[in-house]
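[1] mind looking at a prediction? Sequence and model below.
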Amino acid sequence: MRINDYTAVNNIYTTKKLSFKSNSRKYLQWNEDKMYCISKMFRNDLDWNALSNFLLKNFKDKDNVKTVMFAASDGSEAYSLIISLLEHSSHQNKTAQKFFPIMAYDIDNEIVKAARSGYINTTRSDRIDLQIRCDDYSNYLTETDKELLIENDPTSILKTDYVKTMKAKRILTDNVLFNQADMFAKIKELNDNSNTVLMCRNVLGYFENDKIEEFVKLASQKLKSGSVFVIGNHDFVLFNIDDCLKKYGFEKVMNNVYKKA
Ligand SMILES: C[S@@+](CC[C@H](N)C(=O)[O-])C[C@H]1O[C@@H](n2cnc3c(N)ncnc32)[C@H](O)[C@@H]1O
């Protein structure tokens, strides 16, 4: 069974909050049904074009931008951001370069290993999104005969012909570093100089309310004025994270994008 973003956001399956274990991509609901969480290229809870334009403008006076991505999963999100920034930047990509390398973290070793392999499983919908967003997506990803198998991953175990493993080109792999880390620990190491983009999407919504607030509070202590915090639709499922972010000094810039006041 594959649960898409729309279903996940619009159905509150359970009143019991779920938390991740080391392999967090498959878990049981209260009724013992399996539920999967997945990532995908250009996940549609963000306006990627507007986000890229906003980031390029917001940090236009900064020489370097620290792009930190928690819950980075299989690399879909990092690759989406790199492609969006490159496709929107001027001066032969020079304005995008200051956002790289993205420091991408996930708690799940298996998914970090997959992301580091430089291969990625794409669905037909991923490839359609790529076609819409890039002049020519073969600049970024090429087809391959290799099969990337990820333990417990719903996309890779679906042996259907619409799932294709693709190889990311160096323009993607050179611009992101994938490492294993727990975001609750890693955020404490953040040193911001009003030049950080913190992506933490579709993960907080799985935690208990006090853990979500703890993380937002840490983000608020670490991020200085002008830095940006990006979340996802799933982070709203059982908690008003918008109110919480405002309480800790973040202003909404666009859907799922906040700026430290
Ligand atoms: C639903 S996926 C979201 C992926 C991506 N951010 C997106 O929005 O498509 C959640 C990811 O969070 C990771 N995760 C869960 N707890 C974490 C933690 N404490 N620190 C870092 N990553 C975590 C999981 O391993 C999983 O890959």
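    The structure has been received and is ready for your questions.

[2] okay, now the unreliable bits of this structure?
    1-38, 91-92, 152-161 (pLDDT under 70).

[3] so where do the helices sit in this protein?
    Using DSSP state H, the helices of the chain run over 5-10, 48-58, 76-88, 94-97, 109-116, 124-133, 154-157, 170-173, 183-186, 209-222, 241-247.

[4] hmm, the longest one in reach of the ligand?
    Pointing back at helix 209-222 there. No: between helix 209-222 and the ligand, judged by Cβ under 6 Å from any ligand atom, nothing touches; the nearest distance is 9.0 Å. Heads up, the C-betas are built off the backbone N, CA and C, glycines and all.

[5] elements contacting that helix?
    Of the remaining helices and strands, those touching helix 209-222 by 3 or more Cβ pairs under 8 Å, 6 or more residues apart in numbering; DSSP states H and E are helix 183-186, strand 196-200, helix 241-247.

[6] around the ligand, pick out the residues from the protein.
    20, 24, 37, 39, 43, 70-71, 73, 77, 105-108, 111, 182-184, 201-203, 232.

[7] how many neighbours does the closest residue in space to L190 that isn't next to it in sequence have?
    Nearest-residue entry for L190: K222, 4.4 Å, with adjacent residues in sequence omitted and distances by Cβ to Cβ, 6 or more residues apart in numbering. If you count neighbours by other Cβ atoms under 10 Å, K222 ends up with 19.

[8] ok, K222 touching K186?
    No: look at K222 against K186 with Cβ atoms under 8 Å: they stay out of range, at 10.5 Å.

[9] if I look at D174, how far off is L149?
    25 Å (Cβ to Cβ, to the nearest Å).

[10] which residues touch M166?
    Y119, I120, N121, T122, L141, T142, E143, T144 (Cβ atoms under 8 Å, 6 or more residues apart in numbering).

[11] re earlier: just the helices of the chain: most buried one?
    The highest mean neighbour count among the helices of the chain, using mean count of other Cβ atoms under 10 Å, belongs to helix 76-88: a mean of 24.

[12] which other helices and strands contact that helix?
    On a contact count with 3+ Cβ pairs under 8 Å, 6+ apart, helix 76-88 meets helix 48-58, strand 66-70, helix 94-97, strand 102-106, helix 124-133, helix 170-173, strand 176-180.

[13] adding distance to L85, write these out as JSON lines.
    Formatted as JSON lines, the helices and strands packed on helix 76-88 follow (distance: least, Cβ to Cβ, whole Å):
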{"stretch": "helix 48-58", "distance to L85": "5"}
{"stretch": "strand 66-70", "distance to L85": "9"}
{"stretch": "helix 94-97", "distance to L85": "4"}
{"stretch": "strand 102-106", "distance to L85": "10"}
{"stretch": "helix 124-133", "distance to L85": "12"}
{"stretch": "helix 170-173", "distance to L85": "11"}
{"stretch": "strand 176-180", "distance to L85": "12"}
